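**Student:** Here you go, sequence then predicted model.
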Amino acid sequence: MGYRREDHFFRSRGLRCAAWLYRPTDAESPPLVLMAHGFGAERVFGLEPFAERFAERGMAVFVFDYRCFGGSRGLPRDLVNPFRHLNDWKAALAYARGLAGIDAERMALWGSSFSGGHVLVTAARDGGVTAVVSQVPFVDGAATARLLGWRYTRQALGHALRDLARLLTFREPHRVPLVGEPGSFAVMNTPECLPGYLALVPPGHPFRNACPARVLLEAIPYRPTAYAGRVSCPVLVVMAERDTLIKPADVERMVRRLPRGELLRLPAGHFDVYRGEAFERVVRAETDFLARELGL
């Protein structure tokens, strides 16, 4: 099925957020899939191939950038905050439900990595979501901190406190790298992170590998797994069995809490789902799941 892509803008807490709407050309009142990316990422970092496949199956797809990222407004730039992101998801869902020519009764959420947790929280809070895809999801900040170890956590807290001090004194943020080599300090520094993340950035895109360090403190108490039991709709969870950022056992525990959860296990790493054979397997499974649950 053909589709066209439209530019859209909506407001979250008074700031303009940028989005694309993929609208199937031959579908009358199609269902919609709402999408946003993971930690520090923009919609151009590998979300287009997923959106295109969903649109070709007859779904409208709404892909947005968080405040402070990509085409969206907000300062400081590259500010990662799970609780701000959740407000953006809420605002995007409200806007999408008001789109002309869209079936507002058939809405699905799709998130990956950090946003794989956001979609669980959003669905639990909203109650009107039809289906959820949670891909290689961030499920428990404290569990992730334990996985990365005490030395990492001690360094992270030091950077976060330094950034908070700068915030309180109205200075520019103290930033830390998003991804780095093992042994260097970065938010994500396991062996797969630097090559996997940078492979998502389009050639020539003005990407700054840094974010305000305060997120290192804010992410620890963030526990999407605590909301799993309140998600009443069907949820497809994609788990990477060789994930070095999110412990597969933590994902499995979260899935067991879901009233209507399905688990797809992949013999892959955290970043493998965006390309190659792993992408093809994932996108087929996700497309089939969404088409079934959205009534296509």
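**Tutor:** Ah, there it is. Residues are numbered from 1 along each chain as shown.
**Student:** can you count the residues close to the closest residue in space to L266 that isn't next to it in sequence?
**Tutor:** With Cβ to Cβ, 6 or more residues apart in numbering as the criterion, L266 has its nearest non-adjacent residue at 5.3 Å, and that residue is A240. The C-beta positions use only the backbone N, C-alpha and C, and glycine is treated the same way. By other Cβ atoms under 10 Å, the residues close to A240 number 26.
**Student:** What separation is there between A240 and A91?
**Tutor:** Separation of A240 from A91 (Cβ to Cβ, to the nearest Å): 30 Å.
**Student:** same deal with L147?
**Tutor:** L147 sits at a distance of 32 Å from A91 (criterion: Cβ to Cβ).
**Student:** Same check on L216?
**Tutor:** The gap separating L216 from A91 is 25 Å, by Cβ to Cβ.
**Student:** ok, the two, which is more surrounded?
**Tutor:** Taking neighbours as other Cβ under 10 Å, L216 and A91 compare with L216 leading, 25 against 18.
**Student:** pretty sure that one contacts G158?
**Tutor:** No: using Cβ atoms under 8 Å, L216 makes no contact with G158, being 9.1 Å away.
**Student:** Now E262, what are its backbone angles?
**Tutor:** Main-chain dihedrals, E262, degrees, to the nearest 10: phi -120, psi 140.
**Student:** Not counting residues beside it along the chain, what's closest to it?
**Tutor:** Excluding the flanking residues, the one nearest E262 by Cβ to Cβ, 6+ apart is L236, at 5.0 Å.
**Student:** Identify all contacting residues around the helix or strand where the one you found lies.
**Tutor:** Using DSSP states H and E, L236 maps to strand 235-240. Strand 235-240 has contacts (Cβ atoms under 8 Å, 6 or more residues apart in numbering) with 116, 120, 123, 131-137, 246, 248, 251-252, 254-255, 258, 260-266, 268-270, 272-273, 282, 285-286, 289.
**Student:** what do you get for stretch 287-296?
**Tutor:** Contact with stretch 287-296 is made by 31, 33, 53-54, 57-59, 106, 108, 110, 130-131, 133, 233-234, 236, 262, as judged by Cβ under 8 Å, 6+ apart.
**Student:** Going by neighbour count, list what's buried in the strand holding L236.
**Tutor:** By 16 or more other Cβ atoms under 10 Å, the buried positions in strand 235-240 come out as V235, L236, V237, V238, M239, A240.
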